[in-house]
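Visitor: could you work out the structure for the sequence below:
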Amino acid sequence: MKSFLLFVSLMILTIQSFGQTNVPPALYIHVGIGYGTNAEPLLCVPIRIGEPIAVTNGNSCVLTGTIEQLGTNLVAKNLKWWKNGGSQYSGYGGSLTLEKPVFGGAVGDFVRPAWIIVSTNQDDKPTLERLKEIEKNRQKKDSSQ
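Guide: Take a look at the predicted model:
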């Protein structure tokens, strides 16, 4: 009887495990320049952790590099993005936090901050709202000093 119960338990566990996969949630990288109301999204692409990224779009924006997972942390490896044939360029290597922008310099006719955000959301609206919120907080901080 014990053998039968053990067999039935193992079968139930096996059947339940077929419906589950170890696929991580989808992640997206949003790339853009400017912040606040002047934020300009350039590119949003789905990524897979650990796989090389090499993407371009109709805005002549290019993104290359890799996002890896080390423990519970996301880490950018040689992440580079540029626009207009390389006239506006930024790069980043280091820790990333979901939904938190990382800023770098964008050089062209003028300097505007370039940013990337790793998100679980493909929609640009939450990203742009986050950048507006950062600008509001920066303005409040500047006016209080």
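Visitor: could you dump the helix or strand residue 92 falls within to PDB, C-alpha only?
Guide: Here residue 92 sits within strand 88-96, counting by DSSP states H and E. Extracted in PDB, the C-alpha atoms of strand 88-96 (Å, rounded to 0.1, in the frame of the first residue of the first chain):
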ATOM      1  CA  GLN A  88      25.100  60.400 -30.000                       C
ATOM      2  CA  TYR A  89      26.700  57.600 -28.000                       C
ATOM      3  CA  SER A  90      26.500  56.100 -24.600                       C
ATOM      4  CA  GLY A  91      27.600  53.000 -22.900                       C
ATOM      5  CA  TYR A  92      27.200  51.200 -19.500                       C
ATOM      6  CA  GLY A  93      28.600  48.300 -17.700                       C
ATOM      7  CA  GLY A  94      27.400  47.500 -14.200                       C
ATOM      8  CA  SER A  95      24.400  46.800 -12.000                       C
ATOM      9  CA  LEU A  96      20.900  47.400 -13.200                       C
END
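Visitor: list the contacts of it.
Guide: 33, 67, 73-83, 102, 104-108, 112, 114, 116, 118 (C-beta atoms under 8 Å, 6 or more residues apart in numbering). Glycine gets a C-beta too; all of them are placed from N, C-alpha and C.
Visitor: mean confidence for that strand?
Guide: Averaging pLDDT along strand 88-96 yields 82.
Visitor: again, but for stretch 39-55
Guide: 88.
Visitor: circling back to that earlier point, just the buried ones out of the contacts of strand 88-96, please.
Guide: Neighbour counting over these (16 or more other C-beta atoms under 10 Å) leaves 33, 67, 74-76, 79-83, 102, 104, 106, 112, 114, 116, 118 as the buried ones.
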